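*Asks:* structure for the following, please:
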Amino acid sequence: MPNFVAIDFETANEKRCSPCALGIAIVENGKITETKSWLIKPPKDYYYFNPFNVRIHGIQKRNVKNKPEFDQIWKKIKPLLTNSTIVAHNASFDISVIRNTLPLYSLDIPDCDIICSVAVSKGAWPFLSSFSLPVVAGHLGLPLIHHDAEEDARCSAEIILAACREHNVNDLKKLKKELRFRIGEICNGEYTPSGIHFPARAKPRHPSPEECGKDPFHPFYEKKITFTGTLVSMTREEAFCLVEKAGGTPQQGVTMQTNYLVMGIQDYSLFTDGKRSAKTKKAEDLRAKGFPIEIMSEADFLKMI
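*Replies:* Sure thing, here's the model as predicted:
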């Protein structure tokens, strides 16, 4: 039965080196044996709370004022993560927090394998209109308090275990073969992301958020992205620029070529409550005809970008 550690970070602002919360779920022999969470004081140069992030997770400066910084937390979790398999939902985000924060404290990045539960969800339940944590959890009947780090880590672990059960496998490598996803890794500081496919032309490297160039590993590379509703974190024009910088193409409307429909926070909350906008209805109609359009929240868009 599989052994792994699921993690989830929340950040104080748009910088990946501003962790303000961490949750973990330890899985041993196919069972969650322990969950934990910590509030974290971000490093002093990144110790500010963006209102958009606060709106998502509810953590404010006063909540972490007397909490330890990440280097103190790291002493407790390093043995759990080193040479193990790390699971996370949108794993590139959580791994980038580790990769961008540890160097600030002159700490080494550990070797490990990486599995993204989004990639697993896409392989296991490709009919879902969205692979966000609330939607996948809802499909599986899993309880979830979204953006609570411990809850998100536990739910990510449950997704992997549910996929193992549904496909009758008891090993993560067998699950990989069954669902055709890629297990990523960090080896000697070099990062290869987990994903649903491996572009043949790409070299095994993923850029840091600061680089974020037109790399074939980027999830928006050569993808077409449409936005609906009002974005809270940026203007529509700024979002278009970020998509183009990542190698994707922004669109004004939903078409048969659309890969992602990104919703502002309010629109996404209505979507999860069963209310559909015109663009959402069109996206779901196209999905029903076999077009692989994925619907995501603004927060998930920011994690992926």
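*Asks:* so which residues of the stretch 201-305 of the chain form helices?
*Replies:* Taking DSSP state H, counting those that start in this stretch as the criterion, the stretch 201-305 of the chain carries its helices at 236-245, 265-272, 278-288, 298-304.
*Asks:* quick check: mean pLDDT of stretch 171-191?
*Replies:* When pLDDT is averaged along stretch 171-191, the result is 94.
*Asks:* buried residues, that stretch. List them.
*Replies:* Across stretch 171-191, burial judged by 16 or more other CB atoms under 10 Å covers 172, 175, 176, 178, 179, 181, 182, 183, 184, 185, 186, 191. No exception for glycine: its C-beta is placed from N, CA and C like everyone else's.
*Asks:* same thing with stretch 65-84?
*Replies:* For stretch 65-84, by 16+ other CB under 10 Å, it's 69, 70, 73, 74, 77, 81, 84.
*Asks:* any chance of those in CSV with secondary structure and pLDDT as columns?
*Replies:* CSV is the format used below for those (DSSP: H, G, I helix; E, B strand; the rest coil; pLDDT from 0 to 100):
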residue, secondary structure, pLDDT
69, coil, 98
70, helix, 98
73, helix, 96
74, helix, 96
77, helix, 96
81, helix, 97
84, coil, 97
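*Asks:* for stretch 282-298, buried residues please.
*Replies:* Under the neighbour-count criterion of 16+ other CB under 10 Å, stretch 282-298 has 282, 283, 284, 286, 287, 293, 294, 295, 296, 297, 298 buried.
*Asks:* just checking, the fifth one touches residue 293?
*Replies:* I take that to be residue 287. Yes - between residue 287 and residue 293 there is a contact under CB atoms under 8 Å: 5.4 Å.
*Asks:* bridging residues for residue 11?
*Replies:* For residue 11, the beta-bridge partners are residue 19 (DSSP bridges).
*Asks:* what's the distance between it and residue 290?
*Replies:* Between residue 11 and residue 290 the distance, using CB to CB, to the nearest Å, works out to 37 Å.
*Asks:* picking that back up, the helices of the stretch 201-305 of the chain: which one's closest to residue 114?
*Replies:* helix 298-304 (14.8 Å; CB to CB).
*Asks:* just give me the closest of the buried residues of stretch 171-191 to residue 237.
*Replies:* Closest approach to residue 237 among the buried residues of stretch 171-191 (CB to CB): residue 191, at 30.7 Å.
*Asks:* check which helix or strand that closest one maps to.
*Replies:* Here residue 191 sits within strand 190-192, counting by DSSP states H and E.
*Asks:* for that strand, packing partners?
*Replies:* strand 184-187 (3 or more CB pairs under 8 Å, 6 or more residues apart in numbering; DSSP states H and E).
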